[in-house]
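> Need coordinates for the below:
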Amino acid sequence: MTTGTSPVAVYRDDDGEILGQLVPTGTGWQPMTVFAAALAGPSDFEQAESVLRNDGMSCLADVWWVEHEPGEWREARIQEARPDRLRVWWTDPMIEQSPHGLWIDPHAVKVQRHRP
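Numbers count the residues shown, from 1 in each chain. This next block holds a predicted model:
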């Protein structure tokens, strides 16, 4: 069993790509994406690691929700994910946007997997 107070990075075995991190909470370990969005609620270390290994990369192809402005959520697709920034494409075809997407700071706005 793993214990501690620091996040634990989890890497893909075959190529060393980071899948995300496990963050200790008062009730267990929470699996988080590489850009620190929750993938699931806290659980024991092994379950949280399993979530990261199964969903850490594939979830990036899912629809995500970004709080573009306070109280205004937009549906987005992630084009590129880094710890400090995301390149997203708004799924609404009526929103004017660059053909290359928009870089956002995932620590400055809320980003989540499920519709708010």
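> secondary structure element for the residue lying closest to residue 29 once chain neighbours are set aside?
Spatial nearest neighbour of residue 29, excluding adjacent residues (CB to CB, 6 or more residues apart in numbering): residue 48 at 4.0 Å. C-beta: built from backbone N, CA, C; applies to glycine. Assessed by DSSP states H and E, residue 48 sits inside helix 45-55.
> helices and strands around that helix, which ones?
Contacts defined by 3 or more CB pairs under 8 Å, 6 or more residues apart in numbering; DSSP states H and E place helix 45-55 against strand 8-11, strand 18-25, strand 28-32.
> buried sites along that helix?
45, 48-49, 51-53, 55 (16 or more other CB atoms under 10 Å).
> Might you list the low-confidence residue ranges for this structure?
Within the chain, the segments meeting pLDDT under 70 span 1-3.
> per-domain residue ranges of it.
If you go by automatic domain parsing, the domain ranges for the chain are 8-59, 62-112.
> Switch the helices and strands packed on helix 45-55 over to a markdown table; also include mean neighbour count and distance to residue 91.
Below are those laid out as a markdown table (neighbours: other CB atoms under 10 Å; distance: least, CB to CB, whole Å):
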| stretch | mean neighbour count | distance to residue 91 |
| --- | --- | --- |
| strand 8-11 | 16 | 29 |
| strand 18-25 | 20 | 23 |
| strand 28-32 | 21 | 23 |
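> hang on, the earlier thing: so the residue nearest to residue 29 is in contact with residue 42, correct?
Yes: here residue 48 lies in contact with residue 42, judged by CB atoms under 8 Å, at a distance of 7.2 Å.
> list the residues that contact both of those two?
Contact with both residue 48 and residue 42 is made by residues 28-30, according to CB atoms under 8 Å, 6 or more residues apart in numbering.
> now, among those residues, which is nearest to residue 64?
The closest of the shared contacts of residue 48 and residue 42 to residue 64 turns out to be residue 30 (CB to CB; 17.4 Å).
> so the closest one makes contact with residue 48?
Yes: if you go by CB under 8 Å, residue 30 and residue 48 touch, sitting 6.5 Å apart.
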